[in-house]
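Chemist: sequence? don't have it. structure:
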């Protein structure tokens, strides 16, 4: 796989504790300068660590804001929560291509993300349950956009895909970040993740080779320029 094209002048950060703190501080400054909620969109290949980064930023921002869980300053909205149901995927013949762009409710995701920006709205966010393999509403305080929420951290493979409707993210995100992760590290994380939900090693490897790798190639070939690049430290990988 190849690295997607990027502008030479695109700023980059290393996601060590200092880099995460600097990114969080930038989001805080943006939130303080406007009345609506701020949106950070994190894109990258499957297994690059997008959800790990979003969760780390949410923890950092909520601690800095001393926000209670019931009224989080920052919340995470993952694209995986907009997977079509397994029944729907089966009816469309997409069960083996779950995770591909057509297996998501892209319009529903973009509609909810747009609603997230308006501070007048408070509501629960869907999440993806990796045991049920279905989107659900957890009922947890951390999965709720509350009156004090100021930052929406959204992540997904296709947020920078150069295709309609995904390109609408340009109108919804204040900052678009591309997460660069070496292919071999992303592959290793994906295999571990598949095993963690009950697949054998053989099944996990086959799933990566026959589905995830195709999605990764699409993301790398068709993603647009980001506002900022981010990389995990060489000595670690967050998955």
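Modeler: Cool, the structure landed. Only a predicted model underlies this, so the values are computations on that prediction, with no experimental measurement involved.
Chemist: helices of the protein, start to end?
Modeler: 17-32, 50-65, 86-92, 106-116, 169-172, 183-196, 201-207, 213-222 (DSSP state H).
Chemist: quick one: these as a markdown table, columns for distance to residue 228 and mean pLDDT too.
Modeler: Where C-beta positions appear, they are placed from N, C-alpha and C, glycine not excepted. Shown next, in a markdown table, are the helices of the chain (distance: least, C-beta to C-beta, whole Å; pLDDT from 0 to 100):
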| stretch | distance to residue 228 | mean pLDDT |
| --- | --- | --- |
| helix 17-32 | 8 | 96 |
| helix 50-65 | 12 | 94 |
| helix 86-92 | 33 | 95 |
| helix 106-116 | 19 | 97 |
| helix 169-172 | 14 | 96 |
| helix 183-196 | 19 | 82 |
| helix 201-207 | 31 | 83 |
| helix 213-222 | 17 | 91 |
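Chemist: between the ones you listed, which gets nearest to residue 149?
Modeler: Evaluated over the helices of the chain, closeness to residue 149 peaks at helix 106-116, with 8.2 Å, by C-beta to C-beta.
Chemist: buried sites along that closest one?
Modeler: 106, 109-110, 112-113, 116 (16 or more other C-beta atoms under 10 Å).
Chemist: cool, stretch 122-132 as well?
Modeler: Taking 16+ other C-beta under 10 Å as the basis for neighbour counts, the residues of stretch 122-132 that come out buried are 125-128.
Chemist: okay if I get the residues you listed as JSON lines plus distance to residue 52?
Modeler: JSON lines is the format used below for the buried residues of stretch 122-132 (distance: C-beta to C-beta, whole Å):
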{"residue": "125", "distance to residue 52": "18"}
{"residue": "126", "distance to residue 52": "19"}
{"residue": "127", "distance to residue 52": "15"}
{"residue": "128", "distance to residue 52": "14"}
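Chemist: next step: these restricted to strands.
Modeler: Restricting those to those inside strands, with DSSP state E as the criterion, leaves 127-128.
Chemist: closest one to residue 165 out of the buried residues of stretch 122-132, please.
Modeler: Compare each of those with residue 165 using C-beta to C-beta and the shortest gap goes to residue 126, at 18.1 Å.
Chemist: out of everything not next to it in sequence, what's closest to the closest one?
Modeler: Sequence neighbours aside, residue 81 is the residue nearest to residue 126 in space, at 4.0 Å (criterion: C-beta to C-beta, 6 or more residues apart in numbering).
Chemist: quick one, what contacts the one you found?
Modeler: Contact criterion C-beta atoms under 8 Å, 6 or more residues apart in numbering gives 109, 125-128, 135 as the residues in contact with residue 81.
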